[in-house]
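how would this look folded up:
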Amino acid sequence: MAEDDKPAVKAKIPNAKNIRSPEFTPHGISAGRGSGLNRPSALTAAQARKRRIATIAGIVVAVLAIAGGVTYYVTRPGPKIEVSGKFGSESKVKIPTKLAPNKTLKSRTLIKGTGPAIADGDTMFVQYSFYQWAKQTDADDSKKKSTSKKIGSSYEQQAQGSGGPQALTVGKSGVKGLDKGLVGKTAGSRVLVEVPPSMGFGDQGSQLGLGKNDSVVFVVDVQAVVKKNAGPQGAPQKLDDKNLPKVEDQGAGKAPKVTLPKADAPSKLQVKTLVQGTGPALAKGDDAVVNYQGQIWKGGKVFDSSWKNGQPALFPIGTGATVPGFDKGLTGAKVGSRVLLILPPDEGYGKKGNAQAGIKGTDTLVFVVDILAKVQK
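Next up is the predicted model:
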């Protein structure tokens, strides 16, 4: 057992009133009180006074030493949840069995980011792991106050090809404690959130193997925050080409109005910056958080829109995970920009098209894209 883990030994100091005089007889003196025997002292008065002062000083030092020891015992930090690992990678979490689950919500910033703060209604892109934390019910083991086990991890899902940063709208995540625990935290932060049963998954918790009295521990990496009704941030750029679509802003949180010309569609990829953002430029390997609207040049049909879906979307840049023209058009664009992309068939879905979206192999596509954030890794 480590020295710090040994239980503190408390000395029992007897009350002077309980000490009977026979127990207090000095060694070698047979006569008790009232014997009339006066033994002469070998010390002078000055020497006796010095001895008394030394004795008192020794007692003071001993008392201070004991008090210091008691203070250390009282203020010594108790067990706590320990989290290690770099931001943007799977964390290692240790939940001590000597620590009982909290009855109230607790949130602690482990790594503080410098991005925008989270508010109710914002969309955050996060990676996370979470754990069941149950109160120990075995009466035979009084030292063990809790048990815990890992339930899930977006990092593990990503390693299997099905995960990555998850979009959560604050106030609509489905876990009240997680929403409240992250409000006020900043993008780029790693946050530990201890969620009590009353603010957890509710009835849906049973699907995860959670009991109704179980707490949940989240370790969350906040990789991007998009403010509610976010739009482009920067300087508008003029576009006077009558052979290209006209794009009109419709206000915060709304998709722009796109008016297509009667001219034939361009045969080559067109990339036009409508608002020049002031943020960092997107590069190969980045994950961009965007709002977008996609239309078919012929007829103007809107086949996809994140504004209509109610949540920004995340796209990898420069890795071939999207259609070619989308990838090319956003590489180098700055966060805060609004970009118009016109994709001929070979820069879109190719000769096969996309039947599910109603796109033919000969269709030219028109995208308006607002670049809202870049995921921090």
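
got the contact list for F303?
294-296, 354, 357-359 (CB atoms under 8 Å, 6 or more residues apart in numbering). Where C-beta positions appear, they are placed from N, C-alpha and C, glycine not excepted.

what do you get if the cut-off is 7 Å, keeping everything else the same?
For F303, the contacting residues are 294-296, 357-359, by CB atoms under 7 Å, 6 or more residues apart in numbering.

In PyMOL, how would I select the buried members of those?
Those of those that count as buried under 16 or more other CB atoms under 10 Å are selected in PyMOL with:
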select buried, resi 294+295+296+359
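
Among the contacts of F303, name the ones in strands.
Here DSSP state E is the test, and those give 294-296 as lying in strands.

Go through those residues and say which is closest to K144.
Using CB to CB, G294 is the member of these that lies nearest K144, at 56.1 Å.

Tell me the spacing between the closest residue to that closest one other than its chain neighbours and I296.
In space, and not counting its chain neighbours, G294 is closest to D304: 4.4 Å by CB to CB, 6 or more residues apart in numbering. To I296, D304 is 11 Å away according to CB to CB, to the nearest Å.

what do you get for V219?
Going from V219 to I296 by CB to CB gives 44 Å.

same deal with A252?
27 Å.

And the residue lying closest to S173 once chain neighbours are set aside, how far from V170?
Distance criterion CB to CB, 6+ apart; nearest residue to S173, sequence neighbours excluded, is D179 at 5.3 Å. Distance of D179 to V170, given as CB to CB: 5 Å.

where along the stretch 201-350 of the chain do the strands fall?
For the stretch 201-350 of the chain, the strands defined by DSSP state E, counting those that start in this stretch occupy 215-226, 234-236, 246-248, 257-259, 270-277, 287-296, 302-305, 313-316, 338-343.

closest to G121 out of the ones you listed?
Closest to G121 of the strands of the stretch 201-350 of the chain is strand 215-226 (CB to CB; 10.4 Å).

How far away from the center of its chain is the closest one?
Between the centre of strand 215-226 and the centre of its host chain there is 3 Å, according to CA atoms, centre = their mean, to the nearest Å.

So in that sheet, which strands flank it, and in what orientation?
strand 123-135 (antiparallel), strand 190-195 (antiparallel) (DSSP bridges).

Average pLDDT for the shortest one, rounded please.
Read that as strand 190-195. Mean pLDDT, strand 190-195: 98.

likewise the longest one?
Regarding strand 123-135, the rounded mean pLDDT is 97.

before we move on, what about stretch 243-261?
What stretch 243-261 shows for mean pLDDT is 97.

list the buried ones in it?
By 16+ other CB under 10 Å, the buried positions in stretch 243-261 come out as 244-245, 247, 255-256, 258, 260.

picking that back up, what's next to the helix or strand hosting the residue nearest to S173, contact-wise?
Assigned by DSSP states H and E, D179 belongs to helix 176-182. For helix 176-182, contacts defined as CB under 7 Å, 6+ apart pick out 105, 107, 118, 124, 170-171, 173, 191, 193, 195-196, 199-200, 218, 220, 222.

Pull out the buried residues from those.
By 16+ other CB under 10 Å, the contacts of helix 176-182 give 105, 107, 118, 124, 170, 173, 191, 193, 195-196, 199-200, 218, 220, 222 as buried.

now, which of these sits nearest Y349?
For the buried ones among the contacts of helix 176-182, the minimum distance to Y349 (CB to CB) is 30.9 Å, reached by M124.

Tell me, how many residues neighbour the residue lying closest to K360 once chain neighbours are set aside?
Setting aside the residues directly before and after it, K360 is nearest to G353 in space (CB to CB, 6+ apart), at 4.6 Å. Residues within reach of G353, counting by other CB atoms under 10 Å, total 16.

any idea whether the spatially closest residue to A187 that is not a sequence neighbour is helix, strand or coil?
Computed as CB to CB, 6+ apart, the closest residue to A187 that is not its neighbour in sequence is G115, at 2.6 Å. Here G115 is coil, with the state taken from DSSP: H, G, I helix; E, B strand; the rest coil.

For G115, give its distance to F125.
In this view, G115 and F125 are 11 Å apart by CB to CB.

out of those two, which sits in the more crowded spot?
Per other CB under 10 Å, whichever of G115 and F125 has more neighbours is F125, with 23 against 17.

Run through the bridge partners of the more buried one.
Under the criterion used (DSSP bridges), F125 bridges to A167, A224.

give the contact list for it.
By CB under 7 Å, 6+ apart, the contact set of F125 is 165-167, 223-224, 289, 314, 375.

can you list these in CSV and add neighbour count?
Formatted as CSV, those follow (neighbours: other CB atoms under 10 Å):
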residue, neighbour count
P165, 23
Q166, 17
A167, 16
Q223, 27
A224, 25
V289, 26
L314, 18
V375, 19
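
Out of those residues, which two are the most distant from each other?
The farthest-apart pair in the contacts of F125, when distances are taken by CB to CB, is Q166 and V289, at 12.1 Å.
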